[in-house]
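J.: Fold the following for me, if possible:
(4 chains)
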2 protein chains.
Amino acid sequence: MTAVGMKIGALAIRSGLPIKTLRYYEDLGLLPAVGRSEGGYRLFAEESLRRLDFIRRLKSLGLTLDEIQECLAVHDAGELPCGDIQRQLQRQIDLVDGRLRELRLFRRELQSLLQNWQSDPAPNTAVICPNLNV
Amino acid sequence: MTAVGMKIGALAIRSGLPIKTLRYYEDLGLLPAVGRSEGGYRLFAEESLRRLDFIRRLKSLGLTLDEIQECLAVHDAGELPCGDIQRQLQRQIDLVDGRLRELRLFRRELQSLLQNWQSDPAPNTAVICPNLNV
DNA sequence: TTAGAGTCTCCCCATAGAAGGAGAGTCAAG
DNA sequence: CTTGACTCTCCTTCTATGGGGAGACTCTAA
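T.: Predicted coordinates:
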């Protein structure tokens, strides 16, 4: 009378994630099954639900599955992953800041082009678009 | 004594783009060759250089190759593509603005999480990360 | 025992824009 | 004529995260 574990369909329903995703996560090592049934069906522990909540949350914070797996490895080693997650989140902020800078610069370039745009310039056979001069 | 046209290697050197890219553009219809040699080699006109400058510029402004092709189709129809490009650039600005809003919101979420972060919280067996509460 | 639902593995597909390579054919100079 | 450089088409691979489906197998309730 061992606790048998959930089959993948039950986990899918309870977690709200598609079966395909659960298999994918298991293949990646993100979501270890406790074992297999005699017929080869994956069996998952209750804990998998917590793990999926964690994965989903970190995904929503922009971490890749690889990065999430690193955090889970720390957890599985018996330590709190808070420090690692903190570092990852700080890295996310840095990435976002870099991206924001790029986008603001890009926006200025686009805006300044449109600023002086001539809707109906004189055709110029040497360029395709006289406004861009190329 | 017809103008024979460049072979792809010459166009690659003069444009600074890899041969693979030129073939790719030709396959997409972005960069029509004037024809083929008897042996099947692509032959390009001088005008291809201008076309590639145009493509490169619009790519740098964030347009997809599909969108660039639409502009080139207008050009090839004998019209100035300035109006179409203007619309595309305005669309780019709108996309950038949307993205900027998303990123700013996202940054605030990350920042507020880190604001209250406890580097060394009390372990909690019901969650993986007490700071995130999942 | 049987039917139907659930699950398995394996493979292809998608995005966008190419890059890498194999194997065969072509071109130009000496 | 030969040789080396160039080019051809066709196929696979890359990123990241799965989705879709085929064909076979398993499980469970009646």
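J.: And the residue of chain A found nearest DNA strand D, how close does it get to residue A:7?
T.: The minimum distance from chain A to DNA strand D, using CB to the nearest atom of the strand, falls at residue A:39 (2.1 Å). (Glycine included, C-beta is placed from N, CA and C.) From residue A:39 across to residue A:7, the span is 10 Å (CB to CB, to the nearest Å).
J.: Helix or strand for the closest residue to residue A:97 other than its chain neighbours, just tell me which one.
T.: Excluding the flanking residues, the one nearest residue A:97 by CB to CB, 6 or more residues apart in numbering or on different chains is residue B:107, at 7.3 Å. According to DSSP states H and E, residue B:107 maps onto helix B:82-115.
J.: now for that helix, which elements pack on it?
T.: Applying 3 or more CB pairs under 8 Å, 6 or more residues apart in numbering or on different chains; DSSP states H and E, one finds that helix B:82-115 makes contact with helix A:82-115, helix B:65-76.
J.: deepest of those helices, which one?
T.: When you average the neighbours per residue for each of the helices and strands packed on helix B:82-115 (mean count of other CB atoms under 10 Å in any protein chain shown), helix B:65-76 leads with a mean of 17.
J.: Would it count as contacting chain A?
T.: Yes - judged by CB under 8 Å from any CB of the partner chain, helix B:65-76 and chain A are in contact via B:71, B:72, B:75.
J.: Quick check: residues of chain A near DNA strand D?
T.: Contact residues, chain A versus DNA strand D (CB under 7 Å from any atom of the strand): A:18, A:20-21, A:24, A:37-41, A:59, A:64-66.
J.: Repeat the analysis, applying 6 Å as the threshold.
T.: By CB under 6 Å from any atom of the strand, the residues of chain A that approach DNA strand D are A:18, A:20, A:21, A:24, A:37, A:38, A:39, A:40, A:41, A:64, A:65.
J.: The first one touches residue A:9, doesn't it?
T.: I take that to be residue A:18. No - Residue A:18 is beyond contact range of residue A:9, at 10.7 Å (criterion: CB atoms under 8 Å).
J.: Can you tell me the closest non-neighbouring residue to residue A:41?
T.: Nearest in space to residue A:41, with sequence neighbours left out and distances taken as CB to CB, 6+ apart, is residue A:7 at 5.4 Å.
J.: List the contacts of the nearest residue to residue A:55 once chain neighbours are set aside.
T.: Leaving aside its chain neighbours, residue A:55 sits nearest to residue A:68 (5.6 Å; criterion: CB to CB, 6+ apart). Residue A:68 makes contact with A:30, A:54, A:55, A:58, A:59, according to CB atoms under 8 Å, 6 or more residues apart in numbering or on different chains.
J.: give me that answer again for 7 Å
T.: Going by CB atoms under 7 Å, 6 or more residues apart in numbering or on different chains, residue A:68 touches A:30, A:55, A:58, A:59.
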